[in-house]
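Asks: this one's sequence-less:
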DNA sequence: TAGACATTTTAATAATTGTTTAACAATGGA
DNA sequence: TCCATTGTTAAACAATTATTAAAATGTCTA
């Protein structure tokens, strides 16, 4: 299970308009990902700014990169997101599904 | 569906150790929630600091409050969290479940 | 190996955020 | 009504974060 500090890092990474947009584009792309420059063009953000945000998302474990020739492809790390979400809902209603009072949730 | 700015607000609200801890405690409590002072005591955080964080979480729509006598009870808003998570995974792999290449996900 | 291309790094600045202390409301019981 | 309790608000300060421009790194092709 993820630790609090790691989850805070992941949440902070996504809590910024440009990074959230980057992440969502990468979710759409699936594991193949997209090249850094292509993302920059799509979002109309300067390359240096993108690099800064890529680093933040990478350090948070939310995206991964691979080099292909001159291009660097970034892709969403779906496991990291699932871990984050699990941490947020962990032990809902005391971990007792029968006692769960959240409408339509059942923990 | 939620909007980007609203999701950023929710993510930012959770991207802080104390607030993340508050939120998780409230998830455990379920819809009944917990009194402000009780949360402050459990987390060993000064009341004024707690108030600041409650406000941040409330403005983000992640928690709700109700007054009971002298106490103010806070409770997690589960719908807001689900909306946030949906936004993050929206249109995964282009929205085509058959084409989804995320291991074990199927969008 | 020279040059063009793709991306990152560094340094500087502007804006945002978290914590503390002290003072301020609102509630309920003696 | 008076007082203790519960919680919020306001002001000040320290710390973190986002953006930009300029320089640097690495990779391919001729």
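Replies: Nice, thanks for sending it over. None of the values given here were measured: they were computed from a predicted structure.
Asks: My guess is residue A:13 contacts residue A:55. True?
Replies: No. The pair residue A:13 / residue A:55 is not scored as a contact, 9.8 Å apart, by Cβ atoms under 8 Å. To be clear about C-beta, it is placed using only N, CA and C from the backbone, and glycine gets the same treatment.
Asks: between those two, who's got more neighbours?
Replies: With neighbours defined as other Cβ atoms under 10 Å in any protein chain shown, residue A:13 and residue A:55 compare such that residue A:13 has more, 26 against 13.
Asks: which one is residue A:6 nearest to, not counting chain neighbours?
Replies: Taking Cβ to Cβ, 6 or more residues apart in numbering or on different chains, and ignoring the residues beside it in sequence, residue A:6 has residue A:61 as its nearest neighbour in space, at 7.2 Å.
Asks: Ok, residue A:40 next?
Replies: Nearest non-adjacent residue to residue A:40, counting by Cβ to Cβ, 6+ apart: residue A:50, 4.6 Å away.
Asks: and the one you found, what does it touch?
Replies: A:18, A:22, A:36, A:39-40, A:43 (Cβ atoms under 8 Å, 6 or more residues apart in numbering or on different chains).
Asks: Now look at the helix or strand hosting it and say if it contacts DNA strand D.
Replies: Element membership for residue A:50, per DSSP states H and E: helix A:47-59. Yes. Against DNA strand D, helix A:47-59 shows contacts by Cβ under 7 Å from any atom of the strand at A:48-49, A:52-53, A:56.
Asks: picking that back up, out of the contacts of residue A:50, grab the one that's most surrounded.
Replies: Within these, neighbour counts (other Cβ under 10 Å) peak at residue A:22, which reaches 29 neighbours.
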